[in-house]
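1. For reference, the sequence and a predicted model appear below.
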Amino acid sequence: MMAYEHNLVCFNTFGSDESWTMKTYEEHDGYKAWRKILAGKMSQEAVIDEVKASGLRGRGGAGFPTGLKWSFMPRDAPGQKYLVCNSDESEPGTCHDREILRYNPHALVEGMAIAAYAMGATVAYNYIRGEFIDEPVPRFEAAVKEAYAAGLLGTDIQGSGIDFELHTFIGAGAYICGEETALLDSLEGKQGKPRFKPPFPANFGLYGRPTTINNTQSLASVPAILRNGHAWFAGLGPEGSGGTAQFSVSGHVEKPGNFELPMGIPFKDLLEICGGVLGGRKLKAVIPGGSSCRVMPGEAIMNCTMDYDSLQQAGSSFGTGAVIVMDETTCMVKVLRRIARFYMAESCGQCTPCREGTGWLYRMLTRIVEGQGREADLDKLLDVANKIEGHTICAFGDASAWPVQSFLEHFHHEFEYMVRNHGRSIVDSPDEAAA
Amino acid sequence: MSEPNPPTELLSDHVTAQIDQWRQRFPERRQRSAIIGALHAVQHENGGYLTAELMNAVADYLDLPTIQVYEVGTFHSMFQTKPVGRHDVAICTNISCMLRGADDIVAHVEHRLGIKLGDSTEDGRIFLKREEECLAACCGAPMMMVDHKYHENLTIDEVDRILDGLE
């Protein structure tokens, strides 16, 4: 395995004493980019062009080019415009935004200031999930306070004519609030239910004003891009997948953890960095980017690199970079049932195919696990999933369907086995598993 | 902007001060945005759950229709609308935690406390939250959240130690 440099972008203060303080952040060249902007040395267009050229893509799961998203904002139009950061991290398997908030919150504060400036937004909210109230929220709020005290936020900052107010918002537990338009409704004090698009948030967002929503990791990457230049960032990863990613590797590995590594790292190297499969067992399957991504058989992902194109060509997606590893002892039926429960519990309920379909999926899978499954259930699972996919307001419906489709595609024999054996899992039958 | 209504007797000075802090983060007439923050404050002071009376008081204080507060109060997993035990124990059972043994921890805790997920102990000491969804600490699986504090890389012994420490 070649040597990889860790922690080049969002985690670059990690390992230093009190990595979350402004002092440490500035020792790592923090706020240099923002100070350059405050000194009038970088136009809005220049910032957007730099981010576009860096190849940064939204790290919240969809992978939309960040600079392009910023360019949609009518930045010169009069009236209030908003930036919103999505720290409502709750995609199963994903836990790296929590690390940024706890250990390098100033990167996010600076990234938000730069993004807001580029888009002509003078007010920003960071929507942090409610469960983060004990540690990530206080860390982030302390960083905001430090930045205000240092004269880096506020009104007419350092005489630059730039205004920027940054507020924390705290959620209260609802996965759907991570969908960007649901997040806006939640921020407005309503139930978090996704909106029809168009209109898009860049035209009609928070309180009906132009708004851009970016993920924590995307925004925290921005200061390093401006400091080191777009070519540096783009060059860290392969074509089409600039920069680093924070991989949350969980499940059956020896050393689970969050690792910031260059995009495009081969999966087998990432697995090696995590100490390999738990107990030296055989790899069965991997969900490469959070539970909403299609599952991949172990042998398929062993040939992939961890970037947008490679995983898409292999039939899955990069998602949030949350790599969930499953070894040969894993019962795929039980895992899918647990995933299905999640989507049933978290459906906001406004679209019938999703509200009803996610319950059908969970109940059928439960029936199978409890030994009451029927042969026809396997086709019906697929049928229900297909009827949800593409028929809902937001991508949550698709996210509930993809695991079902992909688990059945790659592990159909495990479902068949359980139906025929009245709830016994293939992994509890060593002869069958080996076959 | 209309003056805030006089706080009802149900909301302490501490709670109304917190609600005021939330309110000033948003533009004028956008006090609806302060509902989540207000409900967190109210629930915390009320021993971990909301009542209709408290939600009415929040609506009154923020000058909003009560339905708007009920909608938010009933939408989120962190808000409880029935009386619960003093300590909120939430064991994550989602995929990463499941792969690392969360089901065994749930079974152990249910057995030990003699209650099922979603119930509180009879002495009112512990509320074992309904099957919990991902809490974003997947690399420290299995994990649980006790009164907002995360406990990661749990073992059965560690869970017992934590539960024993709850007054």
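-> Thanks, I have it.
2. quick one: A:Asn303 from A:Pro266, how far?
-> 8 Å (C-beta to C-beta, to the nearest Å). Bear in mind the C-beta positions are built from the backbone N, C-alpha and C, glycine included.
3. cool, and A:Gly235?
-> Applying C-beta to C-beta to A:Gly235 and A:Pro266 gives a distance of 18 Å.
4. Give me the three-state assignment for A:Thr212.
-> Secondary structure for A:Thr212, judged by DSSP: H, G, I helix; E, B strand; the rest coil, is strand.
5. Reduced to three states, what does residue 20 come out as?
-> I'll assume chain A. Going by three-state DSSP: A:Trp20 is coil.
6. meant chain B, my bad for not saying
-> Assignment for B:Asp20 (three-state DSSP): helix.
7. just for the chain, where's the confidence low?
-> Since no chain was named, I'll use chain A. Confidence mapping of chain A against pLDDT under 70 gives the ranges A:430-435.
8. that answer is for a different chain, and I need it for chain B
-> Those would be B:1-8, if you go by pLDDT under 70 across chain B.
9. State which strand of it is the longest.
-> strand B:87-91 (DSSP state E).
10. Can you list the strands that that one pairs with?
-> strand B:126-128 (parallel), strand B:144-146 (antiparallel) (DSSP bridges).
11. How about the helix or strand just after it and chain A, touching?
-> Following strand B:87-91 in sequence order, the next helix or strand is helix B:95-99 (DSSP states H and E). Yes: counting by C-beta under 8 Å from any C-beta of the partner chain, chain A has neighbours in helix B:95-99: B:Ile95, B:Ser96, B:Met98, B:Leu99.
12. so what secondary structure elements neighbour helix B:95-99?
-> strand A:244-251, strand A:322-327, helix A:332-346 (3 or more C-beta pairs under 8 Å, 6 or more residues apart in numbering or on different chains; DSSP states H and E).
13. tilt between the helix or strand following it and strand B:87-91?
-> Next helix or strand after helix B:95-99 toward the C-terminus (DSSP H and E): helix B:102-113. Per axes from the mean of the first three to the mean of the last three C-alpha atoms, to 10 degrees, the angle that helix B:102-113 makes with strand B:87-91 is 150 degrees.
14. List the contacts of A:Leu361.
-> Neighbouring residues of A:Leu361 by C-beta atoms under 8 Å, 6 or more residues apart in numbering or on different chains: A:Ala340, A:Tyr343, A:Met344, A:Leu381, A:Val384, A:Ala385, A:Ser400, A:Val404.
15. Now with 7 Å, please.
-> Residues in contact with A:Leu361 (C-beta atoms under 7 Å, 6 or more residues apart in numbering or on different chains) are A:Ala340, A:Leu381, A:Val384, A:Ala385, A:Val404.
16. I'd like to know which of those residues is nearest to chain B.
-> A:Ala340 (10.9 Å; C-beta to the nearest C-beta).
17. hmm, stretch A:367-374 touching chain B?
-> No: Stretch A:367-374 is not in contact with chain B by C-beta under 7 Å from any C-beta of the partner chain; minimum separation 12.2 Å.
18. Show me what that stretch is in contact with.
-> A:Val333, A:Lys334, A:Arg337, A:Asp377, A:Phe415, A:Met418, A:Val419, A:His422, A:Gly423.
19. Next: stretch B:105-121.
-> Stretch B:105-121 is contacted by residues B:84-85, B:91, B:93, B:126-128, B:130-131, B:142, B:154, B:156, B:159 when judged by C-beta under 7 Å, 6+ apart.
20. What is the end-to-end distance of it?
-> End-to-end distance of stretch B:105-121 (C-alpha to C-alpha, to the nearest Å): 17 Å.
21. Also stretch B:71-86?
-> Termini of stretch B:71-86 sit 24 Å apart (C-alpha to C-alpha).
22. Counting neighbours, which bits of stretch A:4-21 end up buried?
-> Counting neighbours by 16 or more other C-beta atoms under 10 Å in any protein chain shown, one finds that the buried residues in stretch A:4-21 are A:Asn7, A:Leu8, A:Val9, A:Cys10, A:Phe11, A:Asn12, A:Thr13, A:Phe14, A:Ser16, A:Ser19, A:Trp20, A:Thr21.
23. coming back round to it: need the contacts of A:Leu361 in a markdown table (columns: neighbour count).
-> Formatted as a markdown table, these follow (neighbours: other C-beta atoms under 10 Å in any protein chain shown):
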| residue | neighbour count |
| --- | --- |
| A:Ala340 | 26 |
| A:Leu381 | 23 |
| A:Val384 | 21 |
| A:Ala385 | 25 |
| A:Val404 | 26 |
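24. For those, give me JSON lines that also has distance to chain B.
-> As requested, these are exported to JSON lines (distance: C-beta to the nearest C-beta, whole Å):
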{"residue": "A:Ala340", "distance to chain B": "11"}
{"residue": "A:Leu381", "distance to chain B": "18"}
{"residue": "A:Val384", "distance to chain B": "20"}
{"residue": "A:Ala385", "distance to chain B": "18"}
{"residue": "A:Val404", "distance to chain B": "14"}
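25. out of these, which are inside strands?
-> Short answer: those have none in strands (DSSP E).
26. So A:Asn303, which state does it fall into?
-> Secondary structure, three-state DSSP: A:Asn303 is coil.
27. Next one: it from chain B, what distance?
-> Using C-beta to the nearest C-beta, to the nearest Å, we find A:Asn303 at a distance of 23 Å from chain B.
28. give me the number of residues near B:Glu131?
-> Using other C-beta atoms under 10 Å in any protein chain shown, B:Glu131 has 18 other residues around it.
29. for B:Ala38, same thing?
-> 30.
30. Would you agree it is in contact with B:Asp20?
-> No: checked against C-beta atoms under 7 Å, the pair B:Ala38 and B:Asp20 is beyond contact range at 9.7 Å.
31. Write out the residues of chain B neighbouring chain A.
-> Within chain B, the positions lying close to chain A (C-beta under 7 Å from any C-beta) are B:25, B:27, B:30, B:32-37, B:40, B:68, B:71-72, B:75-79, B:94-96, B:98-99, B:133-139, B:141, B:145, B:148-150.
32. Buried only: go through those for me.
-> B:25, B:32-37, B:40, B:68, B:72, B:75-79, B:94-96, B:98-99, B:133-139, B:141, B:145, B:148, B:150.
33. quick one: which of those residues sit in helices?
-> B:Ile35, B:Ile36, B:Gly37, B:His40, B:Gln68, B:Val72, B:Ile95, B:Ser96, B:Met98, B:Leu99 (DSSP state H).
34. how far does stretch B:150-163 stretch from start to finish?
-> End to end - C-alpha to C-alpha - stretch B:150-163 spans 13 Å.
35. Let me see the contact set for the spatially most central residue of chain B.
-> Among the residues of chain B, the one closest to the centroid is B:Met78, at 3.8 Å (C-alpha atoms, centre = their mean). Contact partners of B:Met78, counting by C-beta under 7 Å, 6+ apart, are A:Gly130, A:Glu131, A:Ala172, A:Gly173.
36. part of a helix, is the third one?
-> This points to A:Ala172. No: A:Ala172: not assigned to a helix; according to three-state DSSP it is coil.
37. isn't it right up against B:Thr74?
-> No: look at A:Ala172 against B:Thr74 with C-beta under 7 Å: they stay out of range, at 10.8 Å.
38. Tell me which of those two has more neighbours.
-> Legend: neighbour count by other C-beta under 10 Å for A:Ala172 and B:Thr74, higher for A:Ala172 (24 against 12).
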